[in-house]
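>>> show me how the following folds:
(2 chains)
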Amino acid sequence: MFYNKLSRRHFLQGVGAGLALPFLPSLVPEAHAAGIAELRYIQLLSTYSMYPSYFFPSDTGLVSNGVAMIKPLNTITGNISTVLGSAFDNYKNNISVVRGLNCLAASNLHNGSLPTCASSTPEDNVGNGRPFYPFSIDTVLSQSAKLYPDPTGKQRHVNFAPDNTSDGYSNYSWTKVNGSVQHMPKTDATSALLSKFSMLTTAPPPEDPAVIRKRDVIQAVYADYKAVRDSGKLSTVDKTRFEAYVSLVDEIQKGLAAAPVTNTCSKPSSETEVDPEAIYRNQINILVAAMACNLTRVASMVFTVPYEPMHTWSHQGADAAKHADAQRIMGARMAYLMSKMAQINEGTGTMLDNSVIYWGNEYGEVAGGDPHRTDNMFGVVAGGAAGKLQLGHYIDYRQNRRPFNNFLISLFNAMGLASADYEREGVVGFGEYNQTAINNYGFGGFVSDTERRKPLPFLYKGPILG
Amino acid sequence: MQPKLRLSPFQLVAILLSTAATLLSFQNCSEFAPLDLASTNGGFDAAAVGKVLYASNCASCHGDVDASAKANRTSGQIFEAIRNVPQMASLSGLSADDVTAISVALSIPLPGSQIKLKFQCADPQKRGVSDKKMKRLTRVELVNTLNDLLGSTIVANSSIQTQLSLMPNDVPNAEVTDVPEIHADTHAGALFEIAATASDLVFANTAVRDRIFGSCSGQATITDACAQTFINSFGLKTLRRPLATAESASLLTYFKASGGVEGLKRVFMRLMTSPSLAFHLETGGTATTSRVRLTDHEIASRISYRLLGTMPDAELFTAAGNGELQDMANVRSHVKRLLAAHPLAKARVDEFFNFYLQTAKIPNPSAAAGADRGIDVNGLRAELLQEIADYVNNNVWTKQASFKALMNSTDVFPRSDRMATILETTKAAGATASRTTASHSGLILRPGFLAGAGDRTNPMHRAVLIRKRLLCQNLGSPDPAQVAQQTQAVGDVSNLPNREAYTKLTQAPQCMTCHGMINPVGFALENYDQLGMWRTRETVYKNGQVAASYPIDSRTGDPLLEAGGPTALVMPEDLVTALANGNGARSCFAEMVFEYQRMRSIEADDGCALREVETASLESGSLLEAFTTSIANDDIFWKSKEN
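Sure thing, here's the model as predicted:
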């Protein structure tokens, strides 16, 4: 027969004026094969406590695998939870929700930075103190030569709180400078964040509306094809043969979805900041553009909220739904960040695939009316650092409790850092190991050097770096 | 309808006896007497049952089945008569299986007849079960469908043409199975790009926009009602079935998400790339044990794509919407209507003959032979192809002739002096044929069919073409090692005449298994040179010059065409006569038509439909009737019930 000799690649060059082609690494500034130096770390931190019945998925269907209770998120019909709402409906395979980890901190006062350094503020209990363990995970990562083999021209650490509403608890990034414990510098305004990245000066051309239309339509078309495939009306043989065609539609979809939005050192388009969400979108776009341009690899963003009514909602269980609604908006911001990172194809996966996104909270779950608890901390992770983190699961360690410190070790290992890279001032492992807390939680079995350097089982599936 | 055609031999005898008694009391040929055989089991003989049914329902008017005035009527023709002949109206209760059986009985050749039908209708209740695989639209089907949906102005756009050129040609080279049924790397992407391009083009052309989206789409504000009307009307055409309420509502929601022109464009793109447009999706309606009855709209699509290679026209959509296409007489009526008037009908028949005769492989004839015969061969290939097309057109459409006439007609169409010289007649004018001699008669003596580009004619090539394409004989390929061995053993034969050379080259017993059939046919055509021009001497050319010349002896012994065929060929036209009067070429034609329309190889359970096409190809029928029957038969209603 007379087959046209054009290959699929030749054809795809014609689709979407080349946008459907897998993005070539050479087109990404300083792009490389996915190694440590290509990974990014972004932490998203929220203040006050959280109400577990609103935050976590239903326990129904949790099954023990010996180290944790687990449930695939894609088995959940509808939203993952109230907080992890519709924004995550398409990301059930792309995040994991971790629950039931305890901080071994001596104090539960604000500003203790529990989610980033598993520490507290023993010296000063009036809310202005310094953490006992003075290094947060993000600052340690930012100091690593593994992430910044050539730091020239880089912003090693980006710390920002869009729409800062003057909440004092909006900085979880600590380090020591000349022996002095200090917060990492933080920006609030969009202009201030943008000013850190002077290379992002050129306004990018607006995205072609025809491309946007194609990208949107092909998603619907792909769903139409899947519906036919799964309709039960095709014979087994036809279904198999049809699947080959469906995969072609999927390729088009992925090609268009991977169309680079901010893959150059161009300043991303901005929108008028008429509300807090516009501010978040603008600043997230800047961060993603900066990371695509390899101007930074470590960032911390704080979801700030007004002191009131959030503070009151945290204390009053009757306001749990309102608190959850505020956190649902925070979750949507994380989903927006994921969507932007997923649009950047780096040849070895998308920027999202090559990153770790971690959403943590100032405190653990509200229990007994106490919103300042250091136990039952959670973590929502995405990206997975090129496959090193187990995604797509609700991972509940409540029946196999472990120190929250090991969660942070998981993130270090995922980012390629071993103990020699992350340990500070002679402390084995990472973060505070307060003896009282160890005794209270019965965590004596987790304090040996070996245990302190272990990542969490099941969540972490990369090489254990020790 | 309930199956009525299961009976044991004992039951059959009982029925025959009771029917004989019934016949004695019958004086009115319009009385209806179906056989209720639904509960019977055992072997099935369609011809025997058909004879019984004929005796009780038809014989009083049309005479005994063995001498019926309605011999060789196909089931479609019988249904048509029941619908249109008032005296037969009472027979409308006969089931499709009943009518198939009567048709089989009417196609039984009389004892002593030369006519033999190859295909047997073993079980009417298995009709259609071989249609079991879903296929995507071929490129030709897609182009035709786009023309119908969007108009040729849009489809002619260079970007759309570029995308279409990226798709596989989907043209069967030698076998219909050459065309991929589903997979093609570039198909999905090209279709998506066509939809994207067209979504802009249709809005840039007011007339096209209004035709597709309605004039309301030109308003500043596009209402939901406007979008809904478009969704339902365009959805019907693209999905080739009415949209379900939920589908329609879902697309309206999809429109609303963007709204306005953008919303319409997005819905348009989605419909234009939908699985129902890209594929021949048949989910069917009611099912039996082994078959699924298709819906009216699925039947409409089968009629249209098999006959025209495009989507149903307005009349077919209306008929499907009215539930009229479960009726064979209605199906047949639409097939005949479309064959008579639709502009794509002729193109589709032409495509078939190109496939059947492998016209793509016809070369421009040898320049040396042309110079030697005083014919300028520059551009001659196009005229050879046109002569074949004119010849086919005359037999199929103008004369509505039978297959036999196609095989032996002396009406030819030389459009130039050089073609008239080749055909030894005068130029044809318009649709009026020129008459030539028997030595240029029939399909196989068309100059294009005989043409060659080499310095010598190739009798093997000609013979294999006839064996494979006109007699459906699978000869296989020779073993290259044996060919090399034989060639070496024989030595140089280049200085011998064709007949002597090929006889030597193929004389080994292992060669003669096939060449015993090939050589006589090839040698019988040696009186034609590379231009298809009559010759009495074989001329060999080298470097454009005559290198040798030999006398020709085209007489052969038994060409082994078929049982009862000629035992010798004295003149080339004897081969023409043998193919025209024999059974093999006719049954092969039926097979080729069947395979081309369904784009699949024949299978064991296709016997009923093949027998009907074969019957329609008899001298009592016509080529048009064969094409009609190949679509308008009971198979059109069914597909296999595959899990």
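
>>> report the contact partners of the residue minimising distance to the centre of chain A.
For chain A, the residue nearest the mean C-alpha position is A:Ile357 (1.7 Å; CA atoms, centre = their mean). Neighbouring residues of A:Ile357 by CB atoms under 8 Å, 6 or more residues apart in numbering or on different chains: A:Ile42, A:Gln43, A:Leu44, A:Met334, A:Leu337, A:Met338, A:Met341, A:Val381, A:Ala382, A:Gly383. Glycine gets a C-beta too; all of them are placed from N, C-alpha and C.

>>> helix, strand, or coil at the second one?
When you say that, I think you mean A:Gln43. With DSSP: H, G, I helix; E, B strand; the rest coil as the basis, A:Gln43 sits in strand.

>>> run through the neighbouring helices and strands of the host helix or strand of A:Ala278.
Taking DSSP states H and E as the criterion, the element that holds A:Ala278 is helix A:276-292. If contacts are counted by 3 or more CB pairs under 8 Å, 6 or more residues apart in numbering or on different chains; DSSP states H and E, helix A:276-292 sits against strand A:158-160, helix A:190-195, strand A:298-303, helix A:320-342.

>>> what about B:Trp397, neighbour count?
Neighbour count of B:Trp397, defined by other CB atoms under 10 Å in any protein chain shown: 17.

>>> what about it, distance to B:Leu308?
15 Å (CB to CB, to the nearest Å).

>>> now A:Glu362
According to CB to CB, A:Glu362 and B:Leu308 sit 71 Å apart.

>>> one step back: okay if I get the helices and strands packed on helix A:276-292 as TSV plus mean neighbour count?
Below are these laid out as TSV (neighbours: other CB atoms under 10 Å in any protein chain shown):
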stretch	mean neighbour count
strand A:158-160	25
helix A:190-195	17
strand A:298-303	26
helix A:320-342	21
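
>>> make CSV out of these and add distance to chain B.
Listed next are the helices and strands packed on helix A:276-292 as CSV, based on distance: least, CB to the nearest CB, whole Å:
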stretch, distance to chain B
strand A:158-160, 33
helix A:190-195, 28
strand A:298-303, 29
helix A:320-342, 17
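
>>> mind listing the strands for the stretch 1-150 of chain A?
Ranges of strands in the stretch 1-150 of chain A, per DSSP state E, counting those that start in this stretch, are A:40-46, A:63-64, A:69-72, A:95-102.

>>> what pairs with the longest one, parallel or antiparallel?
So the one you mean is strand A:95-102. Strand pairing for strand A:95-102, using DSSP bridges, gives strand A:377-382 (antiparallel), strand A:393-396 (parallel), strand A:402-403 (parallel).

>>> report the closest residue of the stretch 451-600 of chain B relative to chain A.
With CB to the nearest CB, the shortest gap between the stretch 451-600 of chain B and chain A falls at B:Met599, namely 12.2 Å.

>>> contacts only, for the closest residue to A:Asp396 other than its chain neighbours.
In space, A:Asp396 comes closest to A:Met69 once its chain neighbours are excluded; the distance is 4.2 Å by CB to CB, 6 or more residues apart in numbering or on different chains. Taking CB under 8 Å, 6+ apart, we find A:Met69 in contact with A:Asp59, A:Leu62, A:Val63, A:Ile395, A:Asp396, A:Tyr397, A:Arg398, A:Gln399, A:Asn400.

>>> ok, B:Thr229 next?
Counting by CB under 8 Å, 6+ apart, B:Thr229 touches B:Gly214, B:Cys216.

>>> report pLDDT for residue 120.
Just so you know, I chose chain A. pLDDT recorded at A:Ser120 is 57.

>>> wrong one, chain B
With respect to pLDDT, B:Gln120 scores 89.

>>> what stretches of chain A score poorly on pLDDT?
Residues of chain A that meet the criterion pLDDT under 70 lie in A:1-37, A:110-112, A:119-131, A:165-169, A:201-205, A:258-264, A:307-308.

>>> if we use 50, what do you get?
Across chain A, the ranges flagged by pLDDT under 50 are A:1-34, A:122-128, A:261-263.

>>> hang on, A:Gln283 packs against A:Lys196?
No: using CB atoms under 8 Å, A:Gln283 makes no contact with A:Lys196, being 11.0 Å away.

>>> all helices of the stretch 351-500 of chain B, in order?
Assigned helices in the stretch 351-500 of chain B, in chain order: B:367-373, B:380-393, B:403-408, B:417-423, B:447-450, B:459-465, B:480-490, B:498-505 (criterion: DSSP state H, counting those that start in this stretch).

>>> ditto for the stretch 51-200 of chain A
Taking DSSP H, counting those that start in this stretch as the test, the helices found in the stretch 51-200 of chain A are A:52-55, A:114-117, A:137-142, A:190-195.

>>> could you say which of these is packed most deeply?
Each of those was scored by mean neighbour count; the highest is helix A:114-117, a mean of 28, by mean count of other CB atoms under 10 Å in any protein chain shown.

>>> show me what that helix is packed up against.
strand A:40-46, helix A:137-142, strand A:355-361, strand A:377-382, helix A:404-414.

>>> ok, which of those comes nearest A:Glu243?
strand A:377-382 (28.5 Å; CB to CB).

>>> how much space is there between the residue in the stretch 351-466 of chain A positioned nearest to chain B and A:Glu346?
The nearest approach of the stretch 351-466 of chain A to chain B comes at A:Asp353, 23.9 Å away (CB to the nearest CB). A:Asp353 sits 8 Å away from A:Glu346, going by CB to CB.

>>> between these two, which one's more packed in?
When A:Asp353 and A:Glu346 are compared for neighbours, A:Glu346 comes out ahead with 26 against 22, by other CB under 10 Å.

>>> burial measure for the nearest residue to B:Gly260 once chain neighbours are set aside, as a count.
Leaving aside its chain neighbours, B:Gly260 sits nearest to B:Ile222 (5.3 Å; criterion: CB to CB, 6+ apart). Neighbourhood size, B:Ile222 [other CB under 10 Å]: 21.
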